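Engineer: When you get a sec, could you give me coordinates for this:
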Amino acid sequence: MPNFKLRDSDFTAACKAYPTPFHLYDEAGIRATVRGLYSAFSKVPFREYFAVKALPNPAILQIIKDEGCGLDCSSYAELMLAQALEFSGHDIMFSANNVPLEDFAYALKLGALINLDDITHIDLLEQAGAIPEEICLRYNPGGLFMDTNDIMGSPGQSKYGMTRAQLSEALTILKGKGVRRFALHAFLSSNTTDVNYYPTLAKLLFRTALELREESGLCISFVNLSGGIGIPYMPYQPAANIAAIGDGVAKAYEEAFGADRSVQVYSELGRYITGPHGWLVCHATHSKDIHKQYIGVDASACDLIRPAMYGAYHHISVVGKTENAKVYDIVGSLCENNDKFAIDRILPEINMGDIVVIHDTGAHGHAMGYNYNGKLRCAEVLLEQNGNFRLIRRAERPSDYFATLDIYADEKMKKLFIGRSIP
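Structural biologist: Residues are numbered from 1 along each chain as shown. A predicted model of the protein is given here:
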């Protein structure tokens, strides 16, 4: 069920403090979710590496750090964020594909754990600096990934990871270059609440790691289950039973390793940790009644692209109203017909000026923002544990949009964009 932990009065108070639209995040909810995750996986040696791509805001990442998590980074800028917040060494996992040389060099400089996506990256990593003694390999088993009952993913259609044969070949090469410890990583399903996904993946990776240890003679350092545990976007959709998932992984761990606790278990859960604890808060600004009834809001797909890109469902509520009465499309102002947060959604009657709340935007919401139509990305606000609201990212200004035009030496262009005072 979408998260209704915050009250209507919280959204009203936030709108008095800051102009809409903005993404609002709940610090207490994020902390509670991280602590619940660690409790669920307490039967194995475990650490969470939060996926920075889900919510790359320093204030949020500091909360994640306070709760004992590392960071999973997949780009140069994300590594910069990690360094700025004083993550270093094995507090950072660098998992990326089609990696530029400079990204590898930066990750090596920080002492990050390197997760290689492809066998050809061995040479690239060596060119970037050195092959570390401990390295992780990303596995793609191909075909369909399933337990005894259900299909849970289609890795054969995924661009990520190495084949089973390539894992063996890669470890032979890496051992010759000084690697002493290896790890395995795989991401085979997205946004699943299936209690069997992580345990089934763990069994596959534990078994494969043991096979590779036997082949190579190298020590197993850790197994990274990556992300994939989802959240209930739809009303009445059950949440992932994280305690049962943790127990399932613990059972698989014991079956694979017995009393040996030397192999670590990692996860990279972005959506699960922050997704339910974010809301896109906006106001109804227009009403249009033609072949359908439309409500325009002051946000757009530039602030939340998931419905436009995937047809993804995000629950919508109207502050101060609960009784569903009308059918609306909730839309933004982009010159794109897919700029719709909801289609044929039954909602309370909406009047201009009503606060409209779009739920579960705490992951892959603001982070996927863009500037089509010259739209400026919205602010981010944190509801702190003490009940105060804090601006943690201001809304973009026109000067931000035009900042990259500073390349022009032409005086006319300078006067138009650079030399004038743009708000």
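
Engineer: rest of the way, CA atoms for contacts and neighbours
Structural biologist: OK.

Engineer: Can you pull the phi/psi pair for Arg207?
Structural biologist: Dihedral angles of Arg207 (phi, psi; degrees, to the nearest 10) stand at phi -60, psi -40.

Engineer: isn't it right next to Phe257, touching?
Structural biologist: No - Arg207 lies out of contact with Phe257 (CA atoms under 8 Å); the separation is 9.7 Å.

Engineer: For these two, work out which one has more neighbours and name it.
Structural biologist: Legend: neighbour count by other CA atoms under 10 Å for Arg207 and Phe257, higher for Arg207 (17 against 14).

Engineer: so who does the more buried one touch?
Structural biologist: Applying CA atoms under 8 Å, 6 or more residues apart in numbering to Arg207 gives the contacts Ala256.

Engineer: who does the longest strand belonging to the chain touch, helix- and strand-wise?
Structural biologist: Scanning the chain for the longest strand, with DSSP state E as the assignment, gives strand 278-289. Other helices and strands packing on strand 278-289, by 3 or more CA pairs under 8 Å, 6 or more residues apart in numbering; DSSP states H and E, are strand 22-26, strand 293-297, strand 355-359.

Engineer: thinking again about what came up before, what's the overlap in contacts for Arg207 and Phe257?
Structural biologist: When CA under 8 Å, 6+ apart defines a contact, no residue borders Arg207 and Phe257 alike.

Engineer: ok, back up a step: dump the helices and strands packed on strand 278-289 to JSON lines, plus mean pLDDT and mean neighbour count.
Structural biologist: Below are these laid out as JSON lines (pLDDT from 0 to 100; neighbours: other CA atoms under 10 Å):
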{"stretch": "strand 22-26", "mean pLDDT": "98", "mean neighbour count": "25"}
{"stretch": "strand 293-297", "mean pLDDT": "98", "mean neighbour count": "21"}
{"stretch": "strand 355-359", "mean pLDDT": "98", "mean neighbour count": "23"}
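
Engineer: out of these, nearest to Asn338?
Structural biologist: Of all the helices and strands packed on strand 278-289, strand 293-297 sits nearest to Asn338, with 13.1 Å by CA to CA.

Engineer: So which elements touch the closest one?
Structural biologist: Applying 3+ CA pairs under 8 Å, 6+ apart, one finds that strand 293-297 makes contact with strand 278-289, strand 326-331.

Engineer: hey, C-alpha coordinates of the helix or strand that it is followed by in PDB?
Structural biologist: Using DSSP states H and E, the helix or strand that follows strand 293-297 in sequence is helix 306-310. The C-alpha coordinates for helix 306-310 follow below in PDB (Å, rounded to 0.1, in the frame of the first residue of the first chain):
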ATOM      1  CA  ARG A 306       8.300   7.200 -14.400                       C
ATOM      2  CA  PRO A 307       4.600   7.400 -15.400                       C
ATOM      3  CA  ALA A 308       5.600   8.900 -18.800                       C
ATOM      4  CA  MET A 309       8.500   6.500 -19.500                       C
ATOM      5  CA  TYR A 310       7.100   3.200 -18.100                       C
END
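
Engineer: Now do helix 306-310: which elements does it pack against?
Structural biologist: Helices and strands touching helix 306-310, by 3+ CA pairs under 8 Å, 6+ apart, are strand 340-347.

Engineer: Give me the next element, helix or strand, following the lowest-mean-pLDDT helix or strand in the chain.
Structural biologist: Ranking every helix and strand in the chain by mean pLDDT, DSSP states H and E puts strand 151-153 at the bottom, with a mean of 50. Counting by DSSP H and E, the next helix or strand C-terminal to strand 151-153 is helix 164-176.
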